[in-house]
Each structure stands twice: as structure tokens, then as C-alpha cells.
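Engineer: Kindly return the folded structure for what I paste below:
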Amino acid sequence: MSTARTPRLRHLSGATMETHASWLELFFDLVFVVAVSELARMLRGDLTAHGFLVFLALFVPVWWVWMSFAYYADLFESDATVFRIALLAGMFGSLTLAGTIGVATGPSTGAGLGGPRGFALANAGLQAILVGLYAYARRSAPENAALRQLCGIYVAGFGGGGVLWLVSVAVPAPWHLGLWGLALAVEIATPFLAYLTVSAPPAHASHLPERLGLFTLIVLGESVLAVAWGARGTGWTPAAFPVAFFAFVIAACLWWVYFEHVDHRVIIDALTSGRSTLVRGFAYGYGHLLIFAGLASTAVGSEVLIEHASDAHLPAGAGLALSGGAAAFLLATTAAHLVIRRPLSGRLLTARVTAAFSALALGAESGGLSALTVTAALAAVLTLLTWAEIRYRPRREPLADPRPAPAHPPPARAAAPGSGCPPGTSAP
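Structural biologist: I've put the predicted structure just below:
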């Protein structure tokens, strides 16, 4: 490892075609366990329409910070000390962001980082780190005009977003929320502008689908924890046990639906197959916002339903958090799977949409139902969908034999005299 080593593009050639997440990237993802947990805790405390809107609104900047750093690490390979320090700084900034989620919509208090001031400053600091990384990468590629132009657009876009976050600190409530929305719009639009502006954007060997899958597992982990914590809080009573079981079945089915159709080449194909395919690549990556948010909402609903397993009726919004979150996940996952190389069959598409709207209807009518009824019904719907996933899965492409085929069949060896073999055959 050297401090002077510069970031290099992950070229699409030879052994670098297959890339995977580094240990530092995996360490970086762990920070967002805290952020997702904070978002879930906040939703659990306010299961009203207002609570759902705030949850989704705050999920966007958390998701975008993760996406921004994940894409930079996907675009460049570098084990330089400066890169590691920058990513570790991003981790601390992300922890600060996670720590201010619960008070981001409250009043600013004192001169500290509490309230929306701290949330805005954390975002501004994270954008500053990204600007520095892209500026460093741009300076390190003097011979690659397209890459320099691409990095320059990222510097301008993320820099503009960071300035808007910083200015919002001095703007009184609620007008600062407008600047937050504008900052996110500028940052999220920057990759679109970059890849549509650069005439020949550089293609690279991408492992972003792997990172998206790993983050999906992180958010699914919230559902697993919800089953454990919710049941433990009730003392694993006879009423809580079956609800916890069905909640786990729900999480397992959602895992099956997502990972049955992972396409590790979707981003590479988008970067190498023209502008229309590029838009599909963006749809795949950006569509994970609702995938992640839906899973987090499902985890919240699971925990609340387990804790109220003995009640005749559920708290308002609890069933919708569970079933509505599952419906959002199914619709967003279906949209993402429609742009991969092995698209869904018509029967499977129908099964996905039917299951999503069935879950949504169940959530809307869950107020008068028990926790066992809601979890059992949703688990039944998702189990049937999982059966359809297995029954109508796309045909998998056969793996190619890496050994080159011989141009001509090898000539038969003559039989040795006295071997007893017929002429034209080889001796054993």
C-alpha cells in the first residue's frame, strides 16, 4: 500500500472483468446498519401517515449517501492510503448522519449538532468528501479526457449539493426543507447528467449489483432482529411464537424473491450497450430505494405485531407497515427485475403484481384483525409467490466450458503389435 498510488478505472478486460467488494467496502456498509435501525426506530414511534412520509423522506438522503460512496468504489480501484482515509472519514460522517436522524425534523437546540442543523452539516461534510475523491481521481487521469469530464461533472454536482446543505443551516424552518429537497435533486440528477453528457463514458468492470445485494441483506437483517427482539420482549409466549414464526417466513420469502433473479452483469451491460440500456441500468440501481425502504418498513411491522400478538386488534398502522412494506418491496423488485438480461415471464409478473396488491389490501384492512391472522395471511401469500418463483423461474444460461475445444478430433493411436486391439483403435 502506498500513499502515492492513484485511483485506477476498473477496466473491462481480462481478469478484471469479475470484481468483488473489498473488505473496506464491507466495513463501510456496516455503518448503515445504524442508519437503517434509526430510521426503523423512528417509524416505529409514529405509524401514522405523517410518520410514513417522514420515514421515506429521510430514507432518501441515507440511501443516496450509501449509493454515492458505493459507486465511487465501484468505478475506481485503489488501495492508496488517501482513499482509505477518505472512506473511513465517510464512515464517521455517515455515523453522524445516522445519529441525527431521530431529531432531523425537530427544532435546533443550542450550538451543538442536534436537530436539523446536525443532519444538514453531516450531509454537507459527506458531499465534501465525495468532491475531494472525484477531484483527486480527475487529476490522476490526465490522459483520459472522457473520465476527466465525467469526474468534473460529479465534482460540480456534488459540490453544488453540498453548498445547498450548508446554506440550509442558516435558513429558518420550514424553508430549510426546500433546500434539502433541492440539494438531493441536484445530487441524484448528477449521474444522469454525467453519463448523458459525456459522449463516450468510460465503461468499467462493475460489482455494484453485488453491493446492492449485500445492502439488501443488511436491511433484511432488520426483519430477523425484529423477530428475535419482538419475541424476546413478550417472553416467547404461546401467542407470540406463531406470529414470530410467520414473520420469519415472510422475511425468508422476500429473500427468495430478490435473490432468485440477481444479475451481476446488469451495470456492465448498461455501460456498454448504448444510451437506452444505460437508462435501464439507472432504473435498476435507483429502484433499490423502495426495495430498501419496503424491507425496513416490513421489519418494523413484524416487531410491532409480535409484541401485540395477544391483542384482539392491532395498533393503527402496524399491519400497513408490515404488508404495505412487503407490497412496496415486491413492486420495486419487480421493476428492477424487468430490466435484467433474463426478464420475468408473464406468469411470474402476474403472480408478483397479484401478491403485491393482495398484501396492500391486507394491510389496509388489518386494523380489525389479530396479529396472527395478518402474519399468517401474508406468509401464505408470499409462500405461494415463492412457489411461483420456483415454478416459473427463467431458464438459467449454461456455464461455458473454459477449456478450448479442439479444432479436430485427435487421431487414433495405432495398436501395438500383440496388444489384441482391433486395427484403428488405441491400446488401453
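
Engineer: CA atoms for contacts and neighbours, from now on please.
Structural biologist: OK.

Engineer: And the helix or strand containing L130, what does it pack against?
Structural biologist: Using DSSP states H and E, L130 falls within helix 116-139. With contacts defined as 3 or more Cα pairs under 8 Å, 6 or more residues apart in numbering; DSSP states H and E, helix 116-139 has these neighbours: helix 49-75, helix 81-99, helix 145-168.

Engineer: can you dump the C-alpha coordinates of that helix into CSV?
Structural biologist: Taking Å, rounded to 0.1, in the frame of the first residue of the first chain, the C-alpha atoms of helix 116-139 are listed here in CSV:
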residue,chain,number,x,y,z
PRO,A,116,-31.8,19.6,11.6
ARG,A,117,-28.6,21.6,11.8
GLY,A,118,-26.5,18.5,12.5
PHE,A,119,-28.3,16.5,9.8
ALA,A,120,-27.6,19.2,7.2
LEU,A,121,-23.9,19.6,8.3
ALA,A,122,-23.4,15.8,8.1
ASN,A,123,-24.7,15.8,4.6
ALA,A,124,-22.6,18.8,3.6
GLY,A,125,-19.5,17.1,5.0
LEU,A,126,-20.1,13.9,3.2
GLN,A,127,-20.6,15.7,-0.1
ALA,A,128,-17.3,17.5,0.5
ILE,A,129,-15.5,14.1,0.9
LEU,A,130,-17.0,12.9,-2.4
VAL,A,131,-16.0,16.1,-4.1
GLY,A,132,-12.4,15.6,-2.9
LEU,A,133,-12.4,11.9,-4.1
TYR,A,134,-13.6,12.8,-7.6
ALA,A,135,-11.3,15.8,-7.9
TYR,A,136,-8.4,13.5,-6.9
ALA,A,137,-9.5,10.9,-9.5
ARG,A,138,-9.8,13.6,-12.2
ARG,A,139,-6.3,14.9,-11.5
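
Engineer: May I see the buried residues of it?
Structural biologist: Neighbour counts over helix 116-139 (16 or more other Cα atoms under 10 Å) mark 116-138 as buried.

Engineer: L56: how many residues sit nearby?
Structural biologist: 17 (other Cα atoms under 10 Å).

Engineer: Surely it and G294 touch.
Structural biologist: No - at 9.5 Å, L56 does not count as touching G294 under the criterion of Cα atoms under 8 Å.

Engineer: how about low-confidence regions in the stretch 151-300 of the chain?
Structural biologist: Along the stretch 151-300 of the chain, segments meeting pLDDT under 70 span 204, 263-264, 266, 268-276.

Engineer: Helices of that one, start to end?
Structural biologist: 176-197, 208-234, 240-259, 266-272, 275-286, 288-307 (DSSP state H, counting those that start in this stretch).

Engineer: what's the angle from the fifth one to helix 176-197?
Structural biologist: Right, helix 275-286. Put simply, helix 275-286 runs at 140 degrees to helix 176-197, going by axes from the mean of the first three to the mean of the last three Cα atoms, to 10 degrees.

Engineer: Ok, the third one next?
Structural biologist: Angular relation of helix 240-259 and helix 176-197 on a 0 to 180 degree scale: 30 degrees, by the same axes, to 10 degrees.

Engineer: In terms of secondary structure, what does helix 240-259 contact?
Structural biologist: For helix 240-259, the elements it packs on are helix 208-234, helix 288-307, helix 318-337, helix 371-391, judged by 3+ Cα pairs under 8 Å, 6+ apart.

Engineer: highest average neighbour count across the ones you listed?
Structural biologist: Neighbour counts (mean count of other Cα atoms under 10 Å) averaged over each of the helices and strands packed on helix 240-259 peak at helix 288-307, with a mean of 28.

Engineer: Alpha carbons of that helix, in CSV - could you do that?
Structural biologist: Output in CSV follows, covering the C-alpha atoms of helix 288-307 (Å, rounded to 0.1, in the frame of the first residue of the first chain):
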residue,chain,number,x,y,z
HIS,A,288,-33.5,-0.1,-4.8
LEU,A,289,-34.5,2.9,-2.8
LEU,A,290,-38.1,1.5,-2.5
ILE,A,291,-36.7,-2.1,-2.1
PHE,A,292,-34.7,-1.0,1.0
ALA,A,293,-37.4,1.2,2.4
GLY,A,294,-40.0,-1.5,2.0
LEU,A,295,-37.9,-4.1,3.8
ALA,A,296,-37.2,-1.7,6.7
SER,A,297,-41.0,-1.0,7.0
THR,A,298,-41.7,-4.7,7.0
ALA,A,299,-39.2,-5.2,9.8
VAL,A,300,-41.0,-2.5,11.9
GLY,A,301,-44.4,-4.1,11.3
SER,A,302,-43.0,-7.6,12.2
GLU,A,303,-41.7,-6.4,15.6
VAL,A,304,-44.9,-4.5,16.5
LEU,A,305,-47.2,-7.4,15.5
ILE,A,306,-45.1,-9.8,17.6
GLU,A,307,-45.3,-7.5,20.6
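
Engineer: Got the phi and psi for the closest residue in space to L95 that isn't next to it in sequence?
Structural biologist: Excluding its sequence neighbours, the residue lying closest to L95 (Cα to Cα, 6 or more residues apart in numbering) is V31, at 6.3 Å. Note on V31: its backbone torsions stand at phi -60, psi -30 [degrees, to the nearest 10].

Engineer: I'm done for today, thanks for sticking with me.
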